[in-house]
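Visitor: structure here, sequence nowhere to be found:
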């Protein structure tokens, strides 16, 4: 069985398959949800975009990262260049706020498992983040350059909740009448539907 293979020792090594690449000029047209007013956090920030192209077979991942100084816009257009192998890809775009370079509130080493960076921070507008995916088929462009245009509508990866109570007066009445005892109170909120991802 050993000598029946297409290549056997001491013959010459099997020739490797030629490595072909696609120089993909990807024009991104990105829309963020909401209005300019409700996506601007407190403080001095820039908007960061991370673009990851991952082969559907998981063989390789290529990423690009860039900064937009205007954080008040809801539409962004940018042309990026990626050198990729011919194949099918999932293109993932992540956007969050940055204070310069690198991660601020999220660990984005991989867009497959985004998690909070450092200790948990609550009630911070800078936590607002957006993500979206699309597919690319680069098989027809084997050995050549290609210009690809794609449009992504990003959605919020996290949500903010406002808790409204309508029975504060009744609570104070029960407290004054001794039906409720204590001087310090806390509120626990439980809800179903957590998505199976790290940034919830």
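Guide: Right, received. Where do you want to start? On a predicted model such as this, the values are computed, not experimentally measured, just so you know.
Visitor: relative to residue 107, how far out is the residue lying closest to residue 78 once chain neighbours are set aside?
Guide: Nearest residue to residue 78 in three dimensions, chain neighbours excluded: residue 28, at 5.1 Å (C-beta to C-beta, 6 or more residues apart in numbering). For the C-beta atoms, the positions are set from N, CA and C on the backbone; glycine is no exception. As judged by C-beta to C-beta, to the nearest Å, residue 28 and residue 107 stand 23 Å apart.
Visitor: so the two - more neighbours on which side?
Guide: Taking other C-beta atoms under 10 Å, residue 28 and residue 107 do not tie; residue 28 has more neighbours (21 against 14).
Visitor: ok, now which ones touch the residue nearest to residue 78?
Guide: 51, 76-80, 93, 150, 152 (C-beta atoms under 8 Å, 6 or more residues apart in numbering).
Visitor: can you select the buried ones among the residues you listed for me in ChimeraX?
Guide: The ChimeraX command for the buried members of the contacts of residue 28 (criterion: 16 or more other C-beta atoms under 10 Å) is given here:
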select :51,76,93,152
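Visitor: next, format the contacts of residue 28 as TSV and append pLDDT.
Guide: Listed next are the contacts of residue 28 as TSV, based on pLDDT from 0 to 100:
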residue	pLDDT
51	96
76	95
77	95
78	94
79	95
80	94
93	95
150	93
152	91
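Visitor: tell me where the chain has strands.
Guide: 22-31, 46-55, 61-68, 75-84, 88-98, 106-107, 115-116, 130-137, 145-153, 155-156 (DSSP state E).
Visitor: these: lowest mean pLDDT?
Guide: Set side by side, the strands of the chain give their lowest mean pLDDT on strand 115-116, at a mean of 84.
Visitor: dihedrals phi and psi, the residue in the chain sticking out farthest from the centre?
Guide: Relative to the centre of the chain, and counting by C-alpha atoms, centre = their mean, the farthest-placed residue is residue 177 at 51.5 Å. When read as degrees, to the nearest 10, the backbone of residue 177 gives phi -90, psi 0.
Visitor: against residue 165, how distant is it?
Guide: Applying C-beta to C-beta, the value for residue 177 to residue 165 is 19 Å.
Visitor: please apply the same query to residue 147.
Guide: Residue 147 sits 55 Å away from residue 165, going by C-beta to C-beta.
Visitor: could you do residue 86 as well?
Guide: Using C-beta to C-beta, residue 86 is found at 58 Å from residue 165.
Visitor: try residue 108
Guide: For residue 108, the distance to residue 165 equals 36 Å [C-beta to C-beta].
Visitor: look at these two and report which has more neighbours.
Guide: residue 108 (22 against 9).
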